[in-house]
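[1] All I have is the shape, not the residue letters:
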């Protein structure tokens, strides 16, 4: 298996623009997680899905952030409008189920100017 | 709310030394505890996962222990090598409370092994 796939790997955008991050989980995994990593706050869980259903989105910082999982092999994290404080590395992870070992993608480094 | 703390924040050792990284967590209601490695600018690589019912796990030169009652885990690295230089993160998968089903990370230990 190719592991968790994320795109793009790097994204530079201007404040106010819409940003969409994409994730393809490992085939057969039922749970998918979105994390954000910054120097100040470390790794934080934003939202996780189980069987394509959002289970906990309490980590989503504001209404500007939204996530979808239309099917078992694809998820998006959207920021609209983006702000400079959203600059971070965003990781997607998947696991067989939410209580199993999590496998991380390579991350998307987002810079909002 | 679960809180995970890692000590030390940074560690520099000569090649060949055995070393211990420490992780503590405040809520013992966990499914498992996972240790990760992160290289600069890269994603996280899972090293070891210890289920809540287990005491330790071993993989090659790595050994992780778990004492759930005291809220502690340690990662032991034997005969360290320069290639072990990275940030090591521990994370507790919560089984109760408001953190249910969530992986809570520590801030990491930055390890440097010099030749």
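    Received, thanks. Fair warning: this is a prediction, and the values are worked out from it, not measured in the lab.

[2] quick check: mean pLDDT across stretch A:45-65?
    Mean pLDDT, stretch A:45-65: 92.

[3] With stretch B:95-111 instead?
    88.

[4] That stretch spans what distance, first to last residue?
    30 Å (C-alpha to C-alpha, to the nearest Å).

[5] Run the chain-centre distance for that stretch.
    11 Å (C-alpha atoms, centre = their mean, to the nearest Å).

[6] cool, stretch A:4-11 as well?
    How far stretch A:4-11 lies from its chain's middle: 10 Å, per C-alpha atoms, centre = their mean.

[7] which residues are in contact with that stretch?
    By C-beta atoms under 8 Å, 6 or more residues apart in numbering or on different chains, the surrounding residues in contact with stretch A:4-11 are A:19, A:21-26, A:90-94, A:103-111. Where C-beta positions appear, they are placed from N, C-alpha and C, glycine not excepted.

[8] from these, which would you call buried?
    Those of the contacts of stretch A:4-11 that meet the buried threshold are A:19, A:21, A:23-26, A:90-94, A:103-110, by 16 or more other C-beta atoms under 10 Å in any protein chain shown.

[9] Leaving out sequence neighbours, find the closest residue to residue 90.
    Reading this off chain A. Spatial nearest neighbour of residue A:90, excluding adjacent residues (C-beta to C-beta, 6 or more residues apart in numbering or on different chains): residue A:108 at 4.9 Å.

[10] Can you look at chain B instead?
    residue B:23 (3.6 Å).

[11] list the buried ones in the strand or helix carrying that neighbour?
    Using DSSP states H and E, residue B:23 sits in strand B:19-25. Buried residues in strand B:19-25, defined by neighbour count with 16+ other C-beta under 10 Å: B:19, B:21, B:23, B:24, B:25.

[12] What is the nearest of those to chain A?
    Nearest to chain A among these: residue B:23, at 13.4 Å, using C-beta to the nearest C-beta.

[13] For that closest one, give me its contacts.
    With contacts defined as C-beta under 8 Å, 6+ apart, residue B:23 is in contact with B:4, B:5, B:6, B:33, B:35, B:72, B:73, B:74, B:75, B:90, B:106.
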